[in-house]
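K.L.:
The sequence and its predicted three-dimensional model are supplied below.
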Amino acid sequence: MDKFSAMQAFVRVVEAGNFTKAADSLQLPKPTVTRLVQMLEAQLQTKLLNRTTRRVTVTPDGAAYYDRAIRLLGDIDELESSMSHAKTSPRGRLRIDVGSSVGTLVLIPALPQFHALYPDIQIDLGVSDRPVDLLSENVDCVLRGGELIDQSLVARRVGELQFLAAASPDYLKRHGMPRHPRELESGAHAVIGFFSARTGRQYPFDFHKDGERIEVAGRYVLSVNDSNAYVAAGLAGLGVVQAATFMLQTHISRGELEPVLADWCSEPVPIHVVYPPNRHLSAKLRVFVDWVAELFARDDLMQRRSSLPRVRR
């Protein structure tokens, strides 16, 4: 038995919650993963997992073994990363997850620079606005905006987003320019809704001015759960949007969208690179996190340093 492979398989089953997801993340057939775990249990002469048709749970002995195995696998990864070649030429596969707009507008256009620096690193990039379970989906890190909900995760703050309300010229021609946030709740105006892919909760608009804070739900004819679709709906004239300035700047400069209620601001939203606490920060992940931090530091729209985009006349 390859004890190292068996240990990796066991750890992935525990983190993924079942053999199918573990096999997919390891890129192995499910029977192979099952056999590795069975052989490990046989050699240890103890039951590590309780299996039913619906789920897999860890036995007390399995939980203790998992804690030690995670540390041991981390030590091995650290040993390999400490070698001079690994430091200067990190290699391997990274599974990264990023929000739709950040991925499309910021990260992907800059990835040729990263590949030029680190040609031996392969990136599997998940692009969506859905919440991701880093452990069960075997994700190395995620890039997400908003306050951290799971305080057990390790996070590095890399930027801060400024939000702006905007609408298409066609929409404003039909409905007029709102002068106060509360007008978005009247029958004269519509907003584009945005709802959580996990809970279905609608997110309100957020406005601040002179110490006053107003949350606006607004009436919508369309609500979406993807940021690229959200901006597309605004461009189509379906209502007012409130989105990060990096998502709107190009459309505003082209005259495709116009700022709305520009004298009202919104709370800045932090953006973090997040990774699990029990994952060793390998050389390949470390250089990616450092590169992303530098990429965002150079972008004024990711640091809330710039003025609002201007409409082309």
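P.N.:
Cool, the structure landed.

K.L.:
What is the burial count for the closest residue in space to residue 135 that isn't next to it in sequence?
P.N.:
Counting by Cβ to Cβ, 6 or more residues apart in numbering, residue 15 is the residue found nearest to residue 135 once chain neighbours are left out, at 4.3 Å. Quick note: C-beta positions are derived from backbone N, CA and C, even for glycine. Close neighbours of residue 15, defined as other Cβ atoms under 10 Å, add up to 21.

K.L.:
For residue 15, list the residues it contacts.
P.N.:
By Cβ atoms under 8 Å, 6 or more residues apart in numbering, the residues touching residue 15 are 22, 135-136, 138.

K.L.:
so where's the longest helix in the protein?
P.N.:
helix 60-82 (DSSP state H).

K.L.:
about what we covered before: give the buried residues for the helix or strand the residue nearest to residue 135 falls within.
P.N.:
Taking DSSP states H and E as the definition, residue 15 sits inside helix 3-16. For helix 3-16, the neighbour count (16 or more other Cβ atoms under 10 Å) marks 5-16 as buried.

K.L.:
Mind checking the pLDDT average for it?
P.N.:
Averaged over helix 3-16, pLDDT sits at 88.

K.L.:
one step back: for the contacts of residue 15, name the two members farthest from one another.
P.N.:
Farthest-apart pair in these is 22 and 135; separation 11.1 Å (Cβ to Cβ).

K.L.:
And the residue lying farthest from the centre of the chain, how close does it get to residue 70?
P.N.:
Distance from the C-alpha centroid of the chain, by Cα atoms, centre = their mean, peaks at residue 45 (40.8 Å). Residue 45 sits 21 Å away from residue 70, taking Cβ to Cβ, to the nearest Å as the criterion.

K.L.:
And residue 48, by the same measure?
P.N.:
14 Å.

K.L.:
circling back to that earlier point, quick one: which of residue 22 and residue 135 has more around it?
P.N.:
residue 22 (27 against 17).

K.L.:
And the more buried one, how close does it get to residue 16?
P.N.:
From residue 22 to residue 16 the distance is 4 Å (Cβ to Cβ).

K.L.:
do the same with residue 117
P.N.:
For residue 117, the distance to residue 16 - Cβ to Cβ - is 32 Å.

K.L.:
Quick check: phi and psi on residue 189?
P.N.:
phi -130, psi 160 (degrees, to the nearest 10).

K.L.:
ok, it touching residue 182?
P.N.:
No: if you go by Cβ atoms under 8 Å, residue 189 and residue 182 don't touch, sitting 10.0 Å apart.

K.L.:
Give me the more crowded residue out of those two.
P.N.:
Legend: neighbour count by other Cβ under 10 Å for residue 189 and residue 182, higher for residue 189 (21 against 13).

K.L.:
which residues does that one contact?
P.N.:
175, 178, 183, 218-219, 239-240.

K.L.:
Highest neighbour count among those residues?
P.N.:
residue 240 (27 neighbours).

K.L.:
isn't it right next to residue 218, touching?
P.N.:
Yes: counting by Cβ under 8 Å, residue 218 is a contact partner of residue 240 at 7.5 Å.

K.L.:
Give the intersection of the neighbour lists for those two.
P.N.:
Common neighbours of residue 240 and residue 218 (Cβ under 8 Å, 6+ apart) are 184, 189-191, 205.

K.L.:
picking up where we left off before, ok, residue 48 and residue 70, which is more surrounded?
P.N.:
Higher neighbour count among residue 48 and residue 70: residue 48, with 23 against 18, using other Cβ under 10 Å.

K.L.:
quick one, what contacts that one?
P.N.:
With Cβ under 8 Å, 6+ apart, residue 48 has these contacts: 10, 37, 40-41, 58-59, 61-62, 65.

K.L.:
hey, where'd the helices end up in this structure?
P.N.:
Using DSSP H, helices in the chain cover 3-16, 19-26, 30-44, 60-82, 84-88, 100-101, 108-117, 169-175, 227-235, 245-253, 283-297.

K.L.:
Worst mean pLDDT among the ones you listed?
P.N.:
Across the helices of the chain, helix 84-88 gives the lowest mean pLDDT, at a mean of 56.
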